[in-house]
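Engineer: Sequence and computational prediction follow.
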Amino acid sequence: MRETLRIATRKSPLAMWQAEFVKAELEKAYPELKVELLPMTTKGDKILNVPLAKIGGKGLFTKELEDRMMDGDADIAVHSMKDVPMELPEGFALGAILERHSPTDAFVSNKYAAFEELPQGAILGTSSLRRKAQLMAIRPDLDVRDLRGNVGTRLGKLDAGEYDAIVLATSGLQRLELDERIRHEIAPEVCLPAVTQGTLGIEYFAKDEDVKEIISVLNHEPTEIRTIAERAMNHRLEGGCQVPIGVFAELLDGDRIRIRGLVASLDGSTVIQDQVEGAQSDAHALGTQLGEMLLDQGAKEILQEVYASDLHKG
Ligand SMILES: NCc1[nH]cc(CCC(=O)O)c1CC(=O)O
């Protein structure tokens, strides 16, 4: 077995936490193994003044990490699965899906205790079209404004008074020990999470079979099944994280799985949602089926509109 395993990681505090977490888990499983971090900056980290939806570009946060693995400078990359494109570049694979952390979105505010308490026309910050569309579907009066940057930057903008409240991933806040900033977690029934939100995955260079063997001890099968189901739905909808798509798979008794899915227009005025249930062994087919059901019910027109809109040009 290798004596050293090198993790390519983005430099943001959240990405560093995630890489350190995987390092610790690997060293727990293999006390002899030395795990090193190779921190780097990606294109997605540099472009901060443009809405995330506008830069589009699949793999914005993963390309540079893959280049280092291809060059042989790193063995694995740790990702928020949410940011991983539905199809990996040739030669790369996912070797482990870790046990899911909280999938929800968190409501954070210095003025209001709950989303429901926001007054008419309140200014809400979020970088996600999915959050914007679903929250505006319930509260069309809200003034939703773009909010980019890493978790610390976003909280800083809230504290500077630029927003009445912001919404961001619960897992990101918890990982950075910022739990006390969370006023409440928004229930999936109110805001369906992004595909695989709260799940970490490990990517490796597929020809390195010994690396795959090492990291496979961290794979969490129930999370893997949910990940397969959610990514299958997203793949059928051809959605990146920059379209208003929500999906949430839950495992039920008797080896069953239920997947809820949603596609919304940008302003939340149209919301299409449905769900499927079946055997966990059919997770992939069920996810695809749910995607097709949503397309048939009008998601196709909505997505065409989203892709054609200004947000997706350039
Ligand atoms: N979009 C960036 C991003 N990618 C993953 C997370 C959170 C962690 C996760 O989902 O595992 C975040 C922050 C956020 O959406 O607030």
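Structural biologist: Cool, got the structure.

Engineer: mind checking the SS state of residue 6?
Structural biologist: strand (DSSP: H, G, I helix; E, B strand; the rest coil).

Engineer: Same check on residue 27?
Structural biologist: Residue 27 - assigned by three-state DSSP - is helix.

Engineer: burial of it, as a residue count?
Structural biologist: Residues within reach of residue 27, counting by other C-beta atoms under 10 Å, total 14. All C-beta atoms are positioned from the backbone trio N, CA, C, and that covers glycine.

Engineer: tell me the SS of the residue nearest to it when sequence neighbours are not counted?
Structural biologist: Leaving aside its chain neighbours, residue 27 sits nearest to residue 35 (5.8 Å; criterion: C-beta to C-beta, 6 or more residues apart in numbering). Here residue 35 is recorded as strand under three-state DSSP.

Engineer: ok, residue 35 - contacts?
Structural biologist: Contacts here follow C-beta atoms under 8 Å, 6 or more residues apart in numbering; on that basis residue 35 touches 4, 5, 6, 7, 22, 23, 26, 27.

Engineer: Same question for residue 21.
Structural biologist: With C-beta under 8 Å, 6+ apart, residue 21 has these contacts: 78, 175, 200.

Engineer: What segments of the protein are strands?
Structural biologist: Applying DSSP state E to the chain gives strands spanning 4-10, 34-40, 76-80, 92-97, 105-108, 123-125, 143-145, 165-169, 184-186, 200-205, 245-252, 256-264, 271-279.

Engineer: Who are the packing partners of the last one?
Structural biologist: Applying 3 or more C-beta pairs under 8 Å, 6 or more residues apart in numbering; DSSP states H and E, one finds that strand 271-279 makes contact with helix 129-138, strand 256-264, helix 283-294.

Engineer: With residue 117 as the reference, name the closest of the ones you listed.
Structural biologist: Proximity to residue 117 (C-beta to C-beta) singles out helix 129-138 among the helices and strands packed on strand 271-279, at 13.1 Å.

Engineer: That closest one - contacts with which helices or strands?
Structural biologist: strand 143-145, strand 245-252, strand 256-264, strand 271-279.

Engineer: And the first one, what's buried?
Structural biologist: In terms of neighbour count (16 or more other C-beta atoms under 10 Å), strand 143-145 has its buried residues at residue 144.

Engineer: neighbouring strands for it, and are they parallel or not?
Structural biologist: strand 123-125 (parallel) (DSSP bridges).

Engineer: Can you tell me which residues in the stretch 101-250 of the chain are near the ligand?
Structural biologist: 168, 169, 171, 172, 197, 198, 199 (C-beta under 6 Å from any ligand atom).

Engineer: Please read off the pLDDT at the fifth one from the model.
Structural biologist: So the one you mean is residue 197. On the pLDDT scale, residue 197 is placed at 97.

Engineer: how many other residues sit next to it?
Structural biologist: Residue 197 has 28 nearby residues by other C-beta under 10 Å.

Engineer: same thing with the last one?
Structural biologist: Other residues near residue 199 number 24, with proximity taken as other C-beta under 10 Å.

Engineer: Am I right that residue 92 is in contact with residue 68?
Structural biologist: No. Using C-beta atoms under 8 Å, residue 92 makes no contact with residue 68, being 11.9 Å away.

Engineer: if we can go back for a sec, could you redo the helices and strands packed on strand 271-279 as CSV and give each row mean neighbour count?
Structural biologist: As requested, those are exported to CSV (neighbours: other C-beta atoms under 10 Å):
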stretch, mean neighbour count
helix 129-138, 23
strand 256-264, 23
helix 283-294, 21
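
Engineer: do you know which of the ones you listed lies nearest residue 87?
Structural biologist: helix 283-294 (14.1 Å).

Engineer: ok now that closest one, how far from the chain's centre?
Structural biologist: Mean-position distance between helix 283-294 and its chain equals 19 Å (C-alpha atoms, centre = their mean, to the nearest Å).

Engineer: elements contacting it?
Structural biologist: By 3+ C-beta pairs under 8 Å, 6+ apart, helix 283-294 packs against helix 221-236, strand 245-252, strand 256-264, strand 271-279.

Engineer: Can you list which of the residues of the stretch 101-250 of the chain next to the ligand are found in helices?
Structural biologist: 171, 172 (DSSP state H).

Engineer: What residues does residue 264 make contact with?
Structural biologist: If you count contacts by C-beta under 8 Å, 6+ apart, residue 264 has them with 130, 133, 134, 137, 244, 246, 270, 271, 272, 302.

Engineer: Nearest to the ligand among those residues?
Structural biologist: In terms of C-beta to the nearest ligand atom, no member of the contacts of residue 264 lies closer to the ligand than residue 130, at 9.7 Å.

Engineer: these two touch, right, the closest one and residue 245?
Structural biologist: Yes. Residue 130 lies in contact with residue 245 (C-beta under 8 Å); the separation is 6.2 Å.
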